[in-house]
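1. Next one to model:
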Amino acid sequence: MRNLLGLSFRWKEARRYVMRLPYQLLLLLVLTGTGALAQENTDQGILSRKISYEANKSSLSKVLKDLRTQMHIRFTYNSELIKRQPPVTVKVNGVTLESLLKQVLLNTGLEFMVEMGGIIIYEQTVSADKGNSMAVIIRGRVTDPQGSPLAGVSVKGLTSKEMTITQPDGMFMLVAREQEQVSLSLVGMKTLLYKVKPSDEQMISFRMDTIAREIQEVVVNGYQKIDPRLATGSVLKLNAADILQPGQPSVDRMLQGKVPGLMVINTSGGVNAKPTMRIRGTSTLIGNAAPLWVIDGMIRPDPVNISSALLNNVLTGPSQSNYELMGNAISGLNPYDIESITFLRDAAATSIYGTRAANGVIVVTTKRGKAGPVEVTYNSNISFQARPSYNQLNLMNSKERVAFSKSLIEDGVVFNGNASGFEERFSYEGLLRQLYARQITEAEFQEQVGAIQTRNTDWFKELFRNQMSMQHALSMSGGAGKTTYYASLSYGGFNGAAKQDGKKTYSANVSVRTQIGKRLNLDLSMQSNYIKSTGYYQSVNPLTYALQTSRIYSPDDFYPVKSPSNMIAGQPVQLKWPPYVYNIQNEISHSENNSSTHSSSLNLSLDYKIRKGLFFRHSSNVIIGGADGLTAADEQTYEIAALRGWSSEVTPTQEMMLTGLPTGGMAYMMNQKSMSLGMRNSLDYNAGVRKDRDQFNFTLGNEVRSETANGLTSREPGYFPDRGKTFFPTVMGRKLFSSETINEAIDNSVSYYSTAAYSMMNRYVLSGTIRTDGSNRFGQYSNSRFLPNYSIAARWNASSESWFPVSSLISDWQVRGSYGTQGNVVSAVGPNLVATYSPVVGETNPITGKPYLHIKTMPYPELRWEKTYQWNFGTQVAMFNGRLRVNVDYYSKKTTDVLDMIEIPFEYGMDMMYRNGSELYNKGWEAMINVDAIRSRNTSLSFTFTTSRNSNRVSDEIIPNDYNSFFNGTGHLRGKPVSGFYSYIYNGLNHNNGLPTFRNLDLKEKTSNPDDFLVYSGQLQPSFTGSIQPVFRYKSFSAVMLFYVSIGSSKRLNNPFPRTNGLNGVPAPFTNLSKDYLNRWRKPGDELHTDIPVMMDLLANQDRLVIPYKVISNSAAANSGEISLDPFQAYNMSDLRTVSNNYLRCSNLNLTYTIPAAKLRGSGIKNLSVGAAINNVFTVANRKLKGQDPEIDGIGTSALPLTRQYAFSLNATF
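-> Below you'll find the predicted structure:
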């Protein structure tokens, strides 16, 4: 019945259409005639326009350019023909354009005519009469495969040399000769050739096809521009349009889910946060495991090498929080300056980078100018970020928190004020204590309890905001003859949801490309950026505070959190001072964390053609960068009160002389400067072999690089920000707290490399690379100073075989494979003995009066490079007329001589030393699938699927030395993934006391194998990532979505509440908890229906857990004791509190509307589009997380939340 109804409906529609057809044809004829008449009137109107003009011996080309500018009319002519004409002298006032052109072209042998709103100038011998067989006027329209008009297409007659370009609507007109070949070309599109026929009088439609997405004109690896016929590596290229995501503060965060094999984890939602990035897993344990960034062919270092600073222990906690604001190598890069980004993944693609390639390479190509009139582009986006809320969180409100306090009192357990040394009066417990002490009446008690029960302070509202960010970029491009230029300026003002989270960026970019003579090409570019960042002091994290602070408190309350010590500088205190009080708003107002970074680079590239196919290429660059940071807290903060020894409201007498910080605060300052120099020279030979049937390429080159960095980090007491940011330290303060560290680093390297590639009949391709690197990191030890790296790769274009049945089913099939080596050096570690003075203040030799000398690192003459061996096999298939494109790679990596740390005998004076003794294994696969579901002139629908699977493990030879690292993913566990971690095995609650119990802790003998008493819980980093990106287009409207999936990781749940004292198993009154604690164990039998342990105010020593772990250490302190902890700590690190962290995030929804070119005609705007986007649309995660974000770091870190963001964009070209 449904089919019959459908048939009946279609028949009615068809009959209705046939009945209306004559009227439609009549209407079409009328409109066509009207359009033709209107065009004729328009053409005549052009010649009738009045003009005043004067020229004195000016070239004809200049006169025509002046007329074009003054009259806004398109001229089409043969430039070589115009250049041969004599100078023009003319002076007219108020004449028609037709009259002026006749004077200008008098005695030149040239004629003119008006067509399609423009003027054509041609020779009289090439008659424009349509009946003449010598010349034909071609009128055409050029579109892309989807039917959209293409502007800027070069249309050229190969015989007559007549040339023009298409307009924004794709239209063009050209005077060509009969039987002449006309070429239509545009970058990124396949060139068309058309043979002119005498009958070409009507409009001709041309459709240009795009070149394959991943293999376009050239494959850029930073060193070479490789003919795609010679490319064999695993390479993926994305254009800027595939990457741009309005509202995102940096380019690296835009890459999540876009590239198979690239893992991007946003560990924080702050605008200054740097994501964790890995290409094909982790290849180093101590060094920097992030990919190498290359911009316009030259390596771009980070503004500050934080990994070296951490390894050399020059950073304190506050200083480290300042370093986290300073970004990475591309933090200041303007995303609108990007032309494309190429990702090099296997050894064949990256081995040319030698010892810097083990972690993969990301090559950024910035925009260059295009020949033609000046083109100005303005890009802008404004975004609004929503603050987080309690909606998805399983936290108590004020009423529930008071009910929880009541239940604690009913159970006879309260927060132990005696153990903590103070009592407070804001909470239910405090009010009840005042009632019992008769400090308040029953009525006052009930009134105040009612007030805190309904207070429900929204800490997210107090500490976060709905904030607006913006980004503006203005660029200019153009050129004439052999010189092109590009210049841009940009500003970004990014504000995170947290009130102090902010970043402002300024950047400038200028590039000039020119040809000098017929042999020399020169490219000069300059880039500069400045970033100003603000954040939070190390001990202040608004997310942690909002999650862990009770909502019964008012934002104005200063509540006690800690009791002062009864000792100052080893001397007893006579008076019992009040406890330290805390207020988050006060801490924020009286502390600061800000930094500024700047970077400027100059790149020079030369290409000199020695002879046909032989080129000398030179590239050199200099990068100058710097960073300044200040992290400080003044005397009114809790942080400084704890250092000082008393709260700010106390004014002691004799104790003032004992403390090192009687007045003022503490400031941590940092200044870093860096300079990078690089120079590369190469000879590049390309040739066609056997009548160009085969292609051959050979490159021989060398590279020299030098990176220097020096800086100063200091800590100074007595800081007064409100008095002109001055310092008034005491002598004792300088002795106890002042410190200054000067750090210097020089990294010099010299390299030699060679590449070769041969393509036979465009079917079989063989390529190879060899490179050797030398580094100064090995000092006088020359045994490992140079390291050779190499690769060999092959590709088979199976679809080019004569026997291959190329059809609409399978139109392309390629198979490739490669093997090679990559290297890495940890620049912070050297082979020499390093000694340093004692960091302990006052530890001096009584005889010499100088500080004691301590060994910092042991000598290691056998220091070697870390070396990676990698296999890669891949295939690429195009099916169903290119509607389905599949690209799959499988790889296997083994890294040897990985630098780690081992225990050494205590007689050496230290416990640990570096050594090249570990191995890392990575293997996996990655795939990218493109599906064009709908492909028509006005409508298209496509899907892009990316998947990546990585399995990594650490060699069995590593012996972990830090027991705590078993639980946080930093232990480098034997035979486990790099980020693997263990948990205690939860065994239920004790029937008698409700304490959590655990299995396998009662071993008779201690063991060094954690598998004997712990359970492996998985890894922090995912083993599988993927994305789905549907793209829909209808005429000028487009919609893009990105779904990102992460599978294979595990996550520890946030701690239920902070422990303020080791003797307290009860949360402090100022803390908030999960609602689950309303259902905790309270009496025997509750363990049958709950896993929430008892609340216990004082924990007996016999209830502590003794861990059967055999400590492997040579230190006497470690061997003399044992590892023990209370069951609540073990509960937080148990498998019960560890969950699967698989999640799906809708990362982005982007809607764009491009104004049709016809509607912009006459406005001076060539292209105009508007867009709206939503970032972090929604997340589907494990319900056990109960609102905890699956991606960002947890409580106790510097992480800020990822919240939804709304962005609006405008892009205009003039």
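2. hey, let's count contacts and neighbours off CA atoms from now on
-> Will do.
3. so who does residue 496 touch?
-> For residue 496, the contacting residues are 269, 270, 271, 385, 467, 502, by C-alpha atoms under 8 Å, 6 or more residues apart in numbering.
4. Greatest separation within those: which pair is it?
-> Largest separation among the contacts of residue 496 by C-alpha to C-alpha: 269 and 467, giving 13.5 Å.
5. For these two, work out which one has more neighbours and name it.
-> Legend: neighbour count by other C-alpha atoms under 10 Å for residue 269 and residue 467, higher for residue 269 (21 against 17).
6. Not counting sequence-adjacent ones, nearest residue to that one?
-> Nearest residue to residue 269, sequence neighbours excluded (C-alpha to C-alpha, 6 or more residues apart in numbering): residue 1202, at 4.3 Å.
7. where does that neighbour land on pLDDT?
-> Here, the pLDDT recorded for residue 1202 equals 89.
8. Let me see the residues that make contact with stretch 678-696.
-> In this structure, residues lying in contact with stretch 678-696 by C-alpha under 8 Å, 6+ apart are 229-230, 298, 613-622, 697-706, 756-762.
9. Flag every buried residue along that stretch.
-> Using 16 or more other C-alpha atoms under 10 Å as the test for burial, stretch 678-696 gives 678, 679, 680, 681, 682, 683, 684, 685, 686, 694, 695, 696.
10. Relative to residue 919, which of those is nearest.
-> Proximity of the buried residues of stretch 678-696 to residue 919 (C-alpha to C-alpha) peaks at residue 678, which lies at 31.6 Å.
11. chain center to the strand or helix carrying that closest one, what's the gap?
-> Element membership for residue 678, per DSSP states H and E: strand 665-689. Relative to its chain's centre, strand 665-689 lies at 20 Å (C-alpha atoms, centre = their mean, to the nearest Å).
12. Next step: the contacts of residue 496 restricted to strands.
-> When DSSP state E is applied, these are split such that 385, 467, 502 fall in strands.
13. Dump the residues you listed to a markdown table, plus pLDDT.
-> Below are those laid out as a markdown table (pLDDT from 0 to 100):
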| residue | pLDDT |
| --- | --- |
| 385 | 93 |
| 467 | 90 |
| 502 | 94 |
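14. closest to residue 1074 among the residues you listed?
-> For those, the minimum distance to residue 1074 (C-alpha to C-alpha) is 26.6 Å, reached by residue 385.
15. can I assume the closest one is in contact with residue 464?
-> No: counting by C-alpha atoms under 8 Å, residue 385 stays clear of residue 464, with 10.3 Å between them.
16. Now the common contact residues for those two.
-> residue 497.
17. List the contacts of the residue positioned nearest the centre of the chain.
-> Taking C-alpha atoms, centre = their mean, the centroid of the chain lies closest to residue 252, which sits 1.2 Å from it. Contact analysis of residue 252 by C-alpha under 8 Å, 6+ apart lists 274, 275, 330.
18. Those residues in strands, which ones?
-> In strands, defined here by DSSP E, there are no members of the contacts of residue 252.
19. Give me the angle between the longest strand seen in the chain and strand 665-689.
-> Longest strand in the chain, counting residues (DSSP E): strand 694-720. Using axes from the mean of the first three to the mean of the last three C-alpha atoms, to 10 degrees, one finds that strand 694-720 and strand 665-689 are set 170 degrees apart in direction.
20. Strand 694-720 pairs with which strands, parallel or anti?
-> Next to strand 694-720 in the sheet, as set by DSSP bridges, lie strand 665-689 (antiparallel), strand 726-727 (antiparallel), strand 739-760 (antiparallel).
21. Need the winner for burial among those.
-> Among the strands paired with strand 694-720, strand 665-689 has the highest mean neighbour count (mean count of other C-alpha atoms under 10 Å), at a mean of 20.
22. For it, the averaged confidence score.
-> Mean predicted confidence for strand 665-689 is 93.
23. Tell me which stretches of the stretch 251-400 of the chain form helices.
-> With DSSP state H, counting those that start in this stretch as the criterion, the stretch 251-400 of the chain has helices at 306-311, 317-323, 347-350, 398-410.
24. Which pLDDT value belongs to the residue nearest to residue 284 when sequence neighbours are not counted?
-> Nearest residue to residue 284, sequence neighbours excluded (C-alpha to C-alpha, 6+ apart): residue 898, at 6.3 Å. Residue 898 is assigned a predicted lDDT (pLDDT) of 89.
25. Quick check: buried residues in stretch 77-90?
-> 77, 78, 81, 82, 85, 87, 88.
26. Can you tell me which one of the residues you listed sits lowest on pLDDT?
-> In terms of pLDDT, residue 78 ranks lowest among the buried residues of stretch 77-90, with 72.
27. What are the boundaries of the strands in the stretch 1101-1214 of the chain?
-> Assigned by DSSP state E, counting those that start in this stretch, the stretch 1101-1214 of the chain shows strands spanning 1105-1106, 1124-1125, 1138-1140, 1143-1154, 1167-1181, 1205-1213.
28. er, the stretch 1-150 of the chain I mean
-> 50-58, 74-76, 88-96, 110-115, 118-123, 135-143.
29. Tell me the buried residues in stretch 851-869?
-> Within stretch 851-869, the residues scored as buried using 16+ other C-alpha under 10 Å are 851-852, 856-858, 860-861, 863-869.
30. Also stretch 223-241?
-> Using 16+ other C-alpha under 10 Å as the test for burial, stretch 223-241 gives 223-224, 226-227, 229-238, 240.
31. got it, and stretch 601-610?
-> 601, 602, 603, 604, 605, 606, 607, 608, 609.
32. so which of those comes closest to residue 1048?
-> So of these, ranked by how close each gets to residue 1048 (C-alpha to C-alpha), first place is residue 601, at 40.9 Å.
33. Okay, angle between the strand or helix carrying that closest one and strand 665-689 too, please.
-> Per DSSP H and E, residue 601 falls inside strand 591-611. Here strand 591-611 runs at an angle of 20 degrees relative to strand 665-689 (the same axes, to 10 degrees).
34. How far away from the center of its chain is strand 591-611?
-> Using C-alpha atoms, centre = their mean, the offset of strand 591-611 from its chain centre is 19 Å.
35. Show me what it pairs with in its sheet, parallel or antiparallel.
-> strand 520-534 (antiparallel), strand 614-633 (antiparallel).
36. export these to JSON lines and tack on mean pLDDT and mean neighbour count?
-> Below are the strands paired with strand 591-611 laid out as JSON lines (pLDDT from 0 to 100; neighbours: other C-alpha atoms under 10 Å):
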{"stretch": "strand 520-534", "mean pLDDT": "95", "mean neighbour count": "20"}
{"stretch": "strand 614-633", "mean pLDDT": "94", "mean neighbour count": "22"}
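37. Distance to residue 1155 added to these, as CSV?
-> Formatted as CSV, those follow (distance: least, C-alpha to C-alpha, whole Å):
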stretch, distance to residue 1155
strand 520-534, 32
strand 614-633, 41
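38. did I read that right, residue 964 in a helix?
-> Yes: the assignment for residue 964 by DSSP: H, G, I helix; E, B strand; the rest coil puts it in a helix.
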